[in-house]
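> Quick check, what structure comes out for this input:
(2 chains)
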Amino acid sequence: MTGVGRPEAEGNGRGYLADRGWRSWAFTLDHKRIGAMYLWTTTVFFLIGGVFALLLRLELLSPQARYFSNHAYNVFFTLHGAMMIFLFVIPAIPSGLGNFLIPLHIGARDVAFPRLNLASYWVFAAGFLVIIGSLVAPMDTGWTFYTPYSAKSAAAVTTLSLGIFLIGMSSILTGLNFIVTIHKLRAPGMTWHRLPLFIWGMYATSIIQVVATPVVGVTFLLLAAERIFGVGFFDPTKGGDPVLFQHFFWFYSHPVVYVMILPAMGIVSEVIPVFSRKPIFGYKAIAYSSMAIAFIGFLVWGHHMFTSGMSPLANKIFSFLTFFVAVPTAVKVFNWIATLYRGSITFESPMLYALTFIFLFIVGGLTGPFLGAMATNVQLHDTYFVVAHFHYTMMGGTVMGFFAGLHYWFPKMTGKMVNEKVARAAWALIFVGFNVTFFTMFIAGTRGMPRRYAEYLPKFQVENTISSIGSAVLAAGILVMCWNFLQGLRKGAAAPANPWRALSLEWKAASPPETENFHEIPVVTEWPYGYGTPKA
Amino acid sequence: MDNVLAFGAASSQAGRVDALFVMIAGIGGFFFFLTQGMLIYFAVKYRRRVPGRDNETPTITDHPLLEFLWILIPSLVVVAIFYYGWQVYTDQRIPYAGETEVHVTGKQWMFEVKYPDGRTAINEIRVPAGKPVKFLLSASDVLHGFYLPDFRVKMDMIPGRVTTLWVQPERPGSYQIFCTVYCGTGHSNMLAQLIVMPQAEYAEWLERGGREGGEAGGKEPLHARGERVVKGAGCLSCHAVDGKGKIGPNFRGLFGSTVPLEGGTSVTADEEFLRESITDPGAKVVKGYPNVMPTYKASMPPDDVRAVVEYLKTLK
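Numbers count the residues shown, from 1 in each chain, chains lettered A, B, ... in the order given. Down below sits the predicted model:
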């Protein structure tokens, strides 16, 4: 069968990986290749960011600075945070897996604007190069860039701001592209209520990217103007307000937390039904709760600032709204658990990571109210409790969702299978290492250990030592996982088109998919979760 | 009120925050065991026992009553938590009558303390027990944080603004103060003590104009007084006396040595250089160290500066 409505394209009939040579990658307009480039790039950043984390944990083995100077420690935690947030968790799932999967999921040949898509990758890469350039005077401001420190710091904050500005621009282009793609390129019969939940998650994510990212772009421009021209937006001696920066910063950076987590929730919503052989429970609730989270997420940035001298009334309003983000999030968790009920569950690696996502995300979610309630927030703000909380949601959530997605779609992306035994061993190390590393931080934080401390009081040494040991186990697990992926890529068994016997459209394409995905655009007649019925 | 989570709770307010903490932990614990329990129970109970038998699962796609309940119940629970969190917080923010006022300014990297009667101190705040204290917080360079873990409170210190924090210390003792807003190289060395004194002792201490017993004796050797000043003025946050590297130059062996300066020149570390480095640290910056030290011109009386120089001379 030939392509519908257009002459047979050159790549048609061959897997998208068939072309060789760097030009076939650098100038590709294929969403799958662009997605793959994002996945490689962001995964490398994840590993570099992880090395910084290990350096931090190494130093924290002893209360006194032993291996690094205080300044070096501050640079490491800044780079760890900035790389993980801006170069990994924000782009990895949307730009990596999202690019790869959105057209396949909705039965399209590509995204709406393939050239814009390629441009977004190269803008991202340019942003990364600028950030590398800023390492001549490495940043020590923390990834939050709070003024006045960031305005005064001798580090290359201006250069780094430009890099993050570019990365933000790439994020906006990707979001726009996805919104148009989801609106305009759905296959015949793919109604909104037949969209896979990953697409719902990506749709909500894209809206946040398009609406919130310009704010951070402008904020970094203001910061650059402050540093270059001494304008004084944030300088009290010139009539500015140092806290204003925090408002701008969190107006973007809080919603962007949901850019990180919503796509991962989408992945979990895909994986749980497949490995339970059950229809997803409460499809509409999961879909609409993504939209609700995206919307409410814009109204709660002030909860990062309860101790910043904001008026008690503002604190109350932000606290109240914050609690309402918890409700749609809780609904999703209940729906996933309900999907398991009376299922026929198997525990291949994607499912293990999806269940781990739920497990760790529940811990992250239930420790949220401590920080949402004002009085306990005042106690715990800027302590290790917060560090533990956001690692449970960001790493326990987003990263586990990402791992679930990588294991789930690896056969589709590469045409190869990974070694399942090794994958499970890596999972066990990651699960144990993660909890040892981060649960301990809840205790240290409750006992009063502030975050971003290169040196700490000896009374916190037990917690820090346990946490550092956990981080080594976690790192070992991640190394085993990476090794397993590389082995799978090199000599994994050939993957069938649909190894997990899933029902969504991407599994109807070949493994790996051909350049334009489908010989003939499929006609969709039902939703993608009809498991358990005899014809499935 | 005391409980297992009360790590050194030192005020009645701390007890209320701990009670809130325990309440949230209780509710959270309940939902933790409920959800994780169901997750694990379902995963084990409904695991596939017979390979290939996977097309016999029931089609359950929704359940309106159940879904309504699990929107309603979490909503009520979070409103309850919000309400108690707000109540306890509001209590903390209500001004007390008859409070002791203390001005604290955050500086890279020390807490500068000023009492209304003109007494000053660095990294040490003395207040009476059983009476409310009002901290008037500000910062002179970048953001800092004022965190009293034993009192379960903190407040940011902001340049160009005065923020306030009230506590009522109940138990005499020495309590840790941390800086919690990241403020640069010496952030984790920016530590101070809140010393809560029994009221009689505090009154006596005030009588003596804020000096320790023995301190006013006048027989103290100058270098011993210098050592006391160095320890009290926060110098050791940045400078080591044991030959190790820190943010600033090491004190041991400093006096009399030839010190290379930024810009290529060098200077002999004599009495005048040491004095100038305390009162005008930006004048001659030692090579390899950032020009970050604040001036002690206003906060360290000339006698104390002389004493510090004498002390530094003893560190051979």
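
> burial measure for B:Asp54, as a count.
20 (other Cβ atoms under 10 Å in any protein chain shown). In short, each C-beta sits where N, CA and C put it, glycine included.

> Which residues are in contact with the spatially most central residue of chain B?
Central residue of chain B (Cα atoms, centre = their mean): B:Phe178, 1.5 Å from the mean position. Counting by Cβ atoms under 8 Å, 6 or more residues apart in numbering or on different chains, B:Phe178 makes contact with A:Gly448, A:Pro450, B:Gly145, B:Tyr147, B:Pro149, B:Met190, B:Leu191.

> How about the residue of the stretch 101-250 of chain A found nearest chain B: what's its closest non-neighbour residue?
Using Cβ to the nearest Cβ, the single residue of the stretch 101-250 of chain A nearest to chain B is A:Pro236, 2.4 Å away. Ranked by Cβ to Cβ, 6 or more residues apart in numbering or on different chains and with sequence neighbours excluded, the top spatial neighbour of A:Pro236 is B:Gly160, at 2.4 Å.

> I'd like the distance from A:Ala294 to chain B, if you could.
17 Å (Cβ to the nearest Cβ, to the nearest Å).

> Where does the stretch 401-536 of chain A get nearest to chain B, residue-wise?
For the stretch 401-536 of chain A, Cβ to the nearest Cβ, closest residue to chain B: A:Gly448, 3.0 Å.

> just to revisit the earlier point, which ones among the contacts of B:Phe178 map onto strands?
B:Gly145, B:Tyr147, B:Leu191 (DSSP state E).

> now the helices for the stretch 1-150 of chain B?
Under the criterion DSSP state H, counting those that start in this stretch, helices of the stretch 1-150 of chain B are mapped to B:12-45, B:64-93.

> Just give the closest residue to the residue of the stretch 401-536 of chain A closest to chain B, not the sequence neighbours.
A:Gly448's closest residue in space is B:Pro149 (Cβ to Cβ, 6+ apart), at 3.0 Å.

> Could you check the pLDDT of that neighbour?
The score at B:Pro149 is 94. That number is its pLDDT.

> follow-up on the earlier one: right, and the residue of the stretch 101-250 of chain A closest to chain B touches B:Arg161 too?
Yes. Using Cβ atoms under 8 Å, A:Pro236 makes contact with B:Arg161 at a distance of 6.9 Å.

> Could you identify the helix or strand that succeeds the helix or strand that contains A:Gly445?
Per DSSP states H and E: A:Gly445 is located in helix A:420-446. Downstream of helix A:420-446, the next assigned helix or strand under DSSP H and E is helix A:461-491.

> now that next one and helix A:420-446, what's the angle there?
Here helix A:461-491 runs at an angle of 160 degrees relative to helix A:420-446 (axes from the mean of the first three to the mean of the last three Cα atoms, to 10 degrees).

> for helix A:461-491, packing partners?
Under the contact criterion of 3 or more Cβ pairs under 8 Å, 6 or more residues apart in numbering or on different chains; DSSP states H and E, helix A:461-491 touches helix A:31-59, helix A:400-414, helix A:420-446.

> Let me know which of these is tucked in deepest.
Greatest average neighbour count among the helices and strands packed on helix A:461-491 goes to helix A:400-414 (a mean of 25), per mean count of other Cβ atoms under 10 Å in any protein chain shown.

> Can I get it in CSV? Just the C-alpha atoms.
Output in CSV follows, covering the C-alpha atoms of helix A:400-414 (Å, rounded to 0.1, in the frame of the first residue of the first chain):
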residue,chain,number,x,y,z
MET,A,400,10.5,7.1,37.1
GLY,A,401,7.8,8.0,34.5
PHE,A,402,10.6,8.7,32.0
PHE,A,403,12.2,5.3,32.8
ALA,A,404,8.9,3.6,32.4
GLY,A,405,8.4,5.3,29.0
LEU,A,406,11.9,4.4,27.9
HIS,A,407,11.5,0.8,28.7
TYR,A,408,8.0,0.7,27.3
TRP,A,409,8.8,2.4,23.9
PHE,A,410,12.3,1.1,23.5
PRO,A,411,11.2,-1.7,21.2
LYS,A,412,9.2,0.7,19.2
MET,A,413,12.0,3.3,18.9
THR,A,414,14.9,0.9,18.2
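
> what mean pLDDT does it have?
According to the model, helix A:400-414 has a mean pLDDT of 97.

> what about the residue of the stretch 201-316 of chain B found nearest chain A, which SS state?
Closest approach between the stretch 201-316 of chain B and chain A, counting by Cβ to the nearest Cβ: B:Ile247, at 6.5 Å. Under DSSP: H, G, I helix; E, B strand; the rest coil, B:Ile247 falls in the coil class.

> again, but for the one 4 residues further on
Put simply, B:Phe251 is coil when judged by three-state DSSP.
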